[in-house]
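**Student:** Output the structure for:
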Amino acid sequence: MSKQFSSLGISAPILKALSELNIVEPTEIQQKTIPLLLSESHDVVGLAKTGTGKTAAFGLPLLQLIDTESPIVQAIILVPTRELGQQIFRNLEDFGKHIPNISIASTCGGIPIKPQIERLTQPTHIVVATPGRLIDLIQRKAIDLKQTQYLVLDEADEMVSILKESLDEIVAELPKKHRTLLFSATLPGTIKQLIQNYLNKNVVQVSANMETVGNQGIDHEYIVVDPIEKLDVLMHFLNSRDGERGIIFCKTKAAVNKLAKNLAINRFSSGALHGSLSQGIRDRIMEQFREGHINILVATDLAARGIDVKEISYVVNYHLPDTYENYVHRSGRTARAGAKGLSLTVLQEEETAEIPEFEKELGIKFTQFQKPSVVCLEENNTLLWAKQIFKTKPNHDISTDLKTKVKTIFHHLTKDELIEKLMANYVLQNKVEVTEKPVKKFKK
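**Tutor:** Now for the predicted structure:
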């Protein structure tokens, strides 16, 4: 292993950390980028699909290029979200744990700024930041970038609108002679304009497997449903993947909250993640997901960046994403580090016309996922009802007298007979509900 990374020019302390992390073989983007960053002085644009190790592609050489004897900020890494910033910060700390005196700080938005200002009074070599928070620190004169040699724009396609407003102010603080390293999974026209405006004319572009944007380890499938059965079909799928970890993407915060509530009612181990939640809540939910305390994350596209959790076996697009780039980043949460994964998109009939466009644009092939029968959906709902009963905690406020009266009614029944009667009652109640509710008509 060490020989493979050492052949790229990586130093012994970093090789030791990689070995301990069981990072065995450099990915294509790492093989192409690391020697370039270590031996050249050009600006670099790195294009690679999600989950191919872009953080190590720029992080390893940056760690090696830092002069730890100098206490100044030598590299700034800009990221679109705090979640991604925290992930990169953790990765860099892991990669650099055997480098004496290396100092890395995370200064992202969403949390109090005062502790970050205090942190920056200490010697700091690398700062991971969101653009808004970095500008805030600059304006407060809490950070000095006058000798910063490296500016990294990670997931640049996600930051375009932010960078248009803030990059001028950030670049003005940097020395005229600095290197800009831009990394992205896609290259829309707005990013090309950014490269033209802010990177050196002699910029070197490195691409890895960009002829197929979709991850090779992902099965891309879609399922066609009527709106009225959408939730039932999803819950049937989730029951079939019981015990596995996955992410369900919705288009809006309101949709995330509604779906998460429905899953909680049906006793699925899940949590919601979107931008209106406080940073503390978002961090807690992500930690629960990372540690395996919850298996399902319901999220907006905010969460498509910065979630690098192993063993995510599936992604569900509960709503079709607005852009091809968002589909790439959503589906890229599964099949990490060479594993296999499923990206399932839930569609209404009229949306199926968009599938060929996604296939053409992304160079992937979708297959149709078989929708469960009405009988299967009813059986699944019965199982969910049973699970609700099983997981319901006893109500100790009910009087002992009432409990005794109820027990008297059931005392002569065996366990099997009681279950039979409960199930028969459940089926009867659901049939009554169906006949009483007005039938909704949906346009196709």
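
**Student:** wait, what's in contact with residue 69?
**Tutor:** Taking CB atoms under 8 Å, 6 or more residues apart in numbering as the contact definition, residue 69 lies against residue 101. Bear in mind the C-beta positions are built from the backbone N, C-alpha and C, glycine included.

**Student:** Let me know the secondary structure of it.
**Tutor:** coil (DSSP: H, G, I helix; E, B strand; the rest coil).

**Student:** separation between it and residue 284?
**Tutor:** In this view, residue 69 and residue 284 are 39 Å apart by CB to CB, to the nearest Å.

**Student:** same question, residue 63
**Tutor:** When distance is defined by CB to CB, residue 63 is 30 Å away from residue 284.

**Student:** Equivalent analysis for residue 229, please.
**Tutor:** Distance of residue 229 to residue 284, computed by CB to CB: 33 Å.

**Student:** how about the nearest residue to residue 418, chain neighbours excluded?
**Tutor:** residue 410 (6.1 Å; CB to CB, 6 or more residues apart in numbering).

**Student:** What of residue 79?
**Tutor:** Excluding the flanking residues, the one nearest residue 79 by CB to CB, 6+ apart is residue 85, at 4.5 Å.

**Student:** do you know how far that neighbour is from residue 245?
**Tutor:** Remark: distance between residue 85 and residue 245 (CB to CB) = 22 Å.

**Student:** what about the two, which has more around it?
**Tutor:** residue 85 (26 against 20; other CB atoms under 10 Å).

**Student:** and the more buried one, what element?
**Tutor:** If you go by DSSP states H and E, residue 85 is part of helix 82-95.

**Student:** same question, residue 8
**Tutor:** Counting by DSSP H and E, no helix or strand carries residue 8.

**Student:** Next, count neighbours for it.
**Tutor:** 18.

**Student:** show me what contacts the closest residue to it other than its chain neighbours?
**Tutor:** In space, residue 8 comes closest to residue 34 once its chain neighbours are excluded; the distance is 4.4 Å by CB to CB, 6+ apart. Contacts for residue 34 were tallied using CB under 8 Å, 6+ apart; they are 8, 9, 10, 26, 57, 60, 61.

**Student:** just checking, which of those belong to helices?
**Tutor:** Using DSSP state H, the members of those that fall within helices are 57, 60, 61.

**Student:** any idea how far stretch 296-304 is from the chain center?
**Tutor:** 6 Å (CA atoms, centre = their mean, to the nearest Å).

**Student:** Alpha carbons only: can I get that stretch in PDB?
**Tutor:** Extracted C-alpha coordinates of stretch 296-304, given in PDB (Å, rounded to 0.1, in the frame of the first residue of the first chain):
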ATOM      1  CA  ILE A 296     -33.000   6.500   7.700                       C
ATOM      2  CA  LEU A 297     -32.300  10.100   7.000                       C
ATOM      3  CA  VAL A 298     -35.000  12.200   5.300                       C
ATOM      4  CA  ALA A 299     -33.300  15.300   3.800                       C
ATOM      5  CA  THR A 300     -33.400  18.100   1.400                       C
ATOM      6  CA  ASP A 301     -30.500  18.600  -1.100                       C
ATOM      7  CA  LEU A 302     -28.600  20.400   1.600                       C
ATOM      8  CA  ALA A 303     -27.600  16.900   2.900                       C
ATOM      9  CA  ALA A 304     -26.400  15.700  -0.500                       C
END
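
**Student:** Residue 194: how many residues sit nearby?
**Tutor:** The burial count for residue 194: 23, using other CB under 10 Å.

**Student:** name the helices or strands packed onto the helix or strand encompassing it?
**Tutor:** Secondary structure from DSSP H and E places residue 194 in helix 189-198. Here helix 189-198 touches helix 160-171, strand 179-184, going by 3 or more CB pairs under 8 Å, 6 or more residues apart in numbering; DSSP states H and E.

**Student:** So residue 159 sits against residue 78, correct?
**Tutor:** Yes - in this structure, residue 159 is within contact of residue 78 by CB atoms under 8 Å, at 6.8 Å.

**Student:** Overlap of the contact sets of those two?
**Tutor:** By CB under 8 Å, 6+ apart, the residues touching both residue 159 and residue 78 are 131, 153.

**Student:** Please report how far the residue nearest to residue 418 lies from residue 382.
**Tutor:** Applying CB to CB, the value for residue 410 to residue 382 is 20 Å.

**Student:** And residue 317, by the same measure?
**Tutor:** 27 Å.

**Student:** residues near residue 291, how many?
**Tutor:** 9.

**Student:** for it, phi and psi?
**Tutor:** Note on residue 291: backbone dihedrals following degrees, to the nearest 10 are phi -80, psi -10.

**Student:** Residue 223 now?
**Tutor:** Main-chain torsions, residue 223, degrees, to the nearest 10: phi -130, psi 140.

**Student:** Let me know the pLDDT of it.
**Tutor:** On pLDDT, residue 223 comes in at 95.

**Student:** Just the pLDDT for residue 441.
**Tutor:** According to the prediction, residue 441 has pLDDT 39.

**Student:** what does residue 376 give?
**Tutor:** We have a pLDDT of 87 for residue 376.

**Student:** Kindly tell me how buried residue 413 is, as a neighbour count.
**Tutor:** Around residue 413 there are 12 residues (other CB under 10 Å).
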